[in-house]
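Undergrad: Here is a sequence together with a model predicted from it:
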Amino acid sequence: MNARESELAAAYEQVRPRLVRVAYAVLGSHAEAEDVVSECWLRLIAADGREPIADVEAFATTTVARAALDTLRSARLRRELYLGPWLPEPIVELGPTDQDPADRVTLDDTISYALLVVLETLTPAERTAWVLHDLFGMRFTDVAQTVGRTPAAVRQLAARARAHINARAPRVTVRATEHNEAVTRFLQAAIGGDLAPLLEALDPDVILTSDGGGQVTAARRPVHGADNVARFLSGAIRMLKPSEHAKILNVNGTPGLGFFDGDSLTSVVSLTLLENRISRIDIIRAPSKLPRPSRHDEPYDPRLTAHPRSDTSHEPVAKQRPARPVDPGRDQRGG
């Protein structure tokens, strides 16, 4: 690596956490987001060879967002053929005290899981326009270059996405302590085996969705209504093996649940609240979407979502990726 490439690598690594968050918000997959960011490093090197890049962050953000949009368009067809509901890949940590401060900054900036689920209902262009403008504060003129539309058209895409999200995403912000208390009540009710307290913890219109990826047991269709969801959960709890247990962990920065078989995480549960009751339950069981511990007794590394992939075409790219950076700080949101 020559001096110029070293300079670019340092600049790229500094903005890399932001690039991964952009790609993750567009794709809903942390593993694919990491792949996109790694591939775009080579594009940056090639582009700089043709003409020196003055603003690495601006170039990299546009390049990563464009690559993520292309990847999402390809992924949509695969997700339509997915066996059962497709849910986004969660970012998981065991608890605030277990994390390195640098990682906490990254996790606190993570998009909520409930919002990721809503973003799945947008078109790729709407999703990318909203993520870049409303979430990461990019100008419409810059977003237009990424999406391949005029600034006026991109503004309309973002407006449609915003209206769609406002109609479906949780409108009330729940404090972490309230969310944690609600999750604790829900867990105690679920494992208690009594339907009455479980029904009390659920919103009457609660929806439960589970994603097994066609590899493990999961409901093929969403379960609607408090009574149906409570009976489904009671049946699932009764099926747990003696070696399985549950504990509270953070899912995309919000209290959720993890089910373990011994030391192995087998399910991640994201819980969305509406007026202190559970209004949405998303159960991620697909093994390829679950993080793995870096060591027996260490917290889960939220970046360890890249499991052995059958497609090894990205391996040479990954080897050329610069070393992991230090997070430069939070991104400014809003638009």
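TA: Nice, I can see it. Numbering: from 1, shown residues only.

Undergrad: The stretch 201-335 of the chain: helices as residue ranges?
TA: For the stretch 201-335 of the chain, the helices defined by DSSP state H, counting those that start in this stretch occupy 226-238, 315-319.

Undergrad: Contacts made by the first one with the rest, please.
TA: Outside helix 226-238, the residues that touch it by Cβ atoms under 8 Å, 6 or more residues apart in numbering are 190-191, 193, 195, 198-199, 202-208, 219, 223, 281. Where you see a C-beta, it was placed from the backbone N, CA and C, and this is true even at glycine.

Undergrad: Off-centre distance for it?
TA: Offset of helix 226-238 from its chain centre (Cα atoms, centre = their mean, to the nearest Å): 26 Å.

Undergrad: So in this structure, where's the weakest helix or strand by average pLDDT?
TA: Among the helices and strands of the chain, helix 315-319 carries the lowest confidence by mean pLDDT, DSSP states H and E, at a mean of 30.

Undergrad: low-scoring stretches of the stretch 51-200 of the chain, by residue?
TA: 94-110, 170-173 (pLDDT under 70).

Undergrad: where do the strands sit along the stretch 1-150 of the chain?
TA: Under the criterion DSSP state E, counting those that start in this stretch, the stretch 1-150 of the chain contains strands at 92-93.

Undergrad: swap in the stretch 201-335 of the chain?
TA: Taking DSSP E, counting those that start in this stretch as the criterion, the stretch 201-335 of the chain contains strands spanning 202-211, 223-224, 244-251, 254-261, 264-274, 277-284.

Undergrad: So for residue 31, which of those sits nearest?
TA: strand 277-284 (13.2 Å; Cβ to Cβ).

Undergrad: how distant is that closest one from the center of its chain?
TA: Centroid separation between strand 277-284 and its chain, computed with Cα atoms, centre = their mean, is 15 Å.

Undergrad: which other helices and strands contact that strand?
TA: With contacts taken as 3 or more Cβ pairs under 8 Å, 6 or more residues apart in numbering; DSSP states H and E, strand 277-284 sits against helix 113-119, helix 176-192, strand 202-211, strand 264-274.

Undergrad: Reformat the ones you listed as JSON lines; add mean neighbour count.
TA: Formatted as JSON lines, the helices and strands packed on strand 277-284 follow (neighbours: other Cβ atoms under 10 Å):
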{"stretch": "helix 113-119", "mean neighbour count": "22"}
{"stretch": "helix 176-192", "mean neighbour count": "16"}
{"stretch": "strand 202-211", "mean neighbour count": "20"}
{"stretch": "strand 264-274", "mean neighbour count": "21"}
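
Undergrad: Go through the ones you listed and name the closest to residue 287.
TA: When these are compared by Cβ to Cβ, strand 264-274 sits nearest residue 287, at 8.4 Å.

Undergrad: pLDDT (mean, whole number) over that closest one?
TA: Averaging pLDDT along strand 264-274 gives 93.

Undergrad: Which strands or helices does that strand pack on?
TA: If you count contacts as 3+ Cβ pairs under 8 Å, 6+ apart, strand 264-274 packs onto helix 113-119, helix 176-192, strand 244-251, strand 254-261, strand 277-284.

Undergrad: before we move on, the earlier item: of the helices and strands packed on strand 277-284, which is nearest residue 92?
TA: Closest approach to residue 92 among the helices and strands packed on strand 277-284 is made by strand 264-274 (5.7 Å; Cβ to Cβ).

Undergrad: Outside of the closest one itself, list whatever touches it.
TA: Strand 264-274 is contacted by residues 90, 92, 113-114, 170, 172, 174, 178-179, 182-183, 186, 203, 216, 244, 249, 251-252, 254-260, 278-285, 289-293, 300 when judged by Cβ under 8 Å, 6+ apart.

Undergrad: buried subset of those residues?
TA: Among the contacts of strand 264-274, those classed as buried by 16 or more other Cβ atoms under 10 Å are 90, 92, 113-114, 174, 179, 182-183, 186, 203, 249, 251-252, 254-259, 278-285, 289-291, 300.

Undergrad: which residues touch residue 244?
TA: Going by Cβ under 8 Å, 6+ apart, residue 244 touches 259-261, 266.

Undergrad: Tell me which of the helices of the stretch 201-335 of the chain lies nearest to residue 17.
TA: helix 315-319 (17.1 Å).

Undergrad: Which of the contacts of helix 226-238 lies at the shortest distance from residue 121?
TA: residue 207 (13.1 Å).

Undergrad: That closest one against residue 283, yeah?
TA: No. In this structure residue 207 lies outside contact range of residue 283 using Cβ atoms under 8 Å: 11.5 Å.
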